[in-house]
Structures are given as C-alpha cells and as structure tokens.
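Visitor: give me the fold of what follows.
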Amino acid sequence: MKAQSASAVLLLVNHLLIKKPSGVVSPMVHSLSSRPITLHSASTIPMAKTEAERCSLKLLKVKLLFKLHLTTGHFKFIPNGLPGLETRLPLLMSGVLQGRLTLQKFVELTSTNPAKLYGCYPQKGTLLPGLSDADLVIWYPGDKGAKTIENEMLHHDVDYTPYEGKEVDNWPRYTILRGEVIYAEGKVLGKKGQGEFLKRGKSSLSSPGNKFLSELGFD
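Guide: Okay, here's the model as predicted:
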C-alpha cells in the first residue's frame, strides 16, 4: 500500500485533459476514457499499487519531465500536485449524484477510511454517541447547491484552480466542527486557534492494520 505525496485528492474528468495546456505538473495525469473516476491521494484515500506499477509510473514521470525540460525550462520548477482541497468533496459528491459512486463509498473514501488509516477512529470518521466528535458536512437539498467552480469563490491562497469552469451538482452548505458551525453558505465562521491537536494512532484498517504510516513507507 502506498499513498502518493500530493496533498489533494484529484477527481479529473476528460474535459479537463483536452483543454489547451497552460502549464505543467507532476505526477502526470492519465486519460480517463476507460474509467469514470480516478482518485489520487496522499492523506485520505490510500491507493494500493504493486512495486512494478510504482516503477512504471516513476519511469513515465521521468520521461515526461525530461521532455518538458527541453521546452519549458528545468523540471525542478514543476509544482508537485495541484490545489484541490476545497473542491474535493463537491467533485466526489457530483459522482454520487450522477450514479458513478455510492453514497456509502463516498463516506468511506472521504471520512471513515482516512480516520481508520491514521488511527483516529471512532473519534473521527463516524458518528457514534459518546465516542465521536460532532463533525458534519450538510449539503443543499436537490439541485440548489449546483455551482460552477471559479477560483474567486475558493478560500485557498492560490491564484488558480485546475477545475475552473467545472460544473458540480452540489456544494457544502454548512460545516460543523465538534458541534459548532464554522462554515455557512460560502462564509468561513471558524476562528484562528479553534482547531485541536489530534495525535494519530496505529491504523485500524484491515490492511494495513496495527501499524503507523511511517512503518509502511508512506511519504
């Protein structure tokens, strides 16, 4: 099991790949013509890969970077990863509403499995009386949350989003942290210092189980 080093989960659709290139990025992005959804992750959705697959991807990346070096400058300046933290859930929720992903799988990928992987379950990743924090995301009903993604509407400190112009079927309406509303209809209500340190434990996933990520070679 290996988690990629990018911090964002990328749900890429074909229309993003056929636009006129305006820059370069690593790791390389593959076409989705044969798959409805591709997930890349470091901190949330672990991807199982064989050693042969990892070596193959590394070789493809090196070839791509060498080619780019000849036309766009030194490859060491290519950013690793893309901004996508705030768009992560809406993109995946669109997959749910379009019937490409079950709601149960959505919760598993975005909440339950990450909490188990980092040893934070059941305080995080589920809602169990007396055991879990009251962390919730509440969505708009029906199609009232449909939006077109624009960088100006996002709260990250980046001057672009790779999903500019992408339409999503819903958007989070409220975010609740330990029972307190910290985001409501586009406005961030959380306060600096409101977060709490949560020490990670060993993974409670069936595989890898009872291990820390550092023991598994995660980077």
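Visitor: in this protein, which ranges drop under the pLDDT threshold?
Guide: 1-79, 207-211, 213-219 (pLDDT under 70).
Visitor: at 50 instead, please
Guide: Per-residue confidence for the chain (pLDDT under 50) gives these ranges: 1-10, 13-15, 17-18, 31-53, 219.
Visitor: all helices of it, in order?
Guide: Under the criterion DSSP state H, the chain carries helices at the ranges 14-17, 51-72, 88-97, 103-107, 113-117.
Visitor: pretty sure Arg200 contacts Gly119?
Guide: Yes - with contact defined as Cβ atoms under 8 Å, Arg200 reaches Gly119; the gap is 5.0 Å. The way it works is simple: take the backbone N, C-alpha and C, and place the C-beta from them, glycine included.
Visitor: so these two - more neighbours on which side?
Guide: Between Arg200 and Gly119, counted using other Cβ atoms under 10 Å, Gly119 has the larger neighbour count: 20 against 13.
Visitor: in space, what's closest to the more buried one - neighbours in sequence excluded?
Guide: Leaving aside its chain neighbours, Gly119 sits nearest to Gly201 (2.6 Å; criterion: Cβ to Cβ, 6 or more residues apart in numbering).
Visitor: and the strands in this structure?
Guide: Under the criterion DSSP state E, strands of the chain are mapped to 136-139, 147-148, 167-168, 172-177, 180-184, 187-188.
Visitor: okay, those in a markdown table with distance to Thr161 next?
Guide: Output for the strands of the chain, formatted as a markdown table (distance: least, Cβ to Cβ, whole Å):
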| stretch | distance to Thr161 |
| --- | --- |
| strand 136-139 | 20 |
| strand 147-148 | 11 |
| strand 167-168 | 12 |
| strand 172-177 | 16 |
| strand 180-184 | 18 |
| strand 187-188 | 17 |
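Visitor: among these, which is nearest Leu127?
Guide: Nearest of these to Leu127, taken as Cβ to Cβ: strand 136-139 at 7.8 Å.
Visitor: related to what we said a few turns ago, report the contact partners of the residue nearest to Gly119.
Guide: Neighbour list for Gly201: Tyr118, Gly119, Cys120 [criterion: Cβ atoms under 8 Å, 6 or more residues apart in numbering].
Visitor: ramachandran coordinates for the nearest residue to the last one once chain neighbours are set aside?
Guide: If the residues on either side of it in the chain are set aside, Cys120 comes closest to Leu198, at 6.0 Å by Cβ to Cβ, 6+ apart. For Leu198, the backbone dihedrals (degrees, to the nearest 10) come out as phi -120, psi 110.
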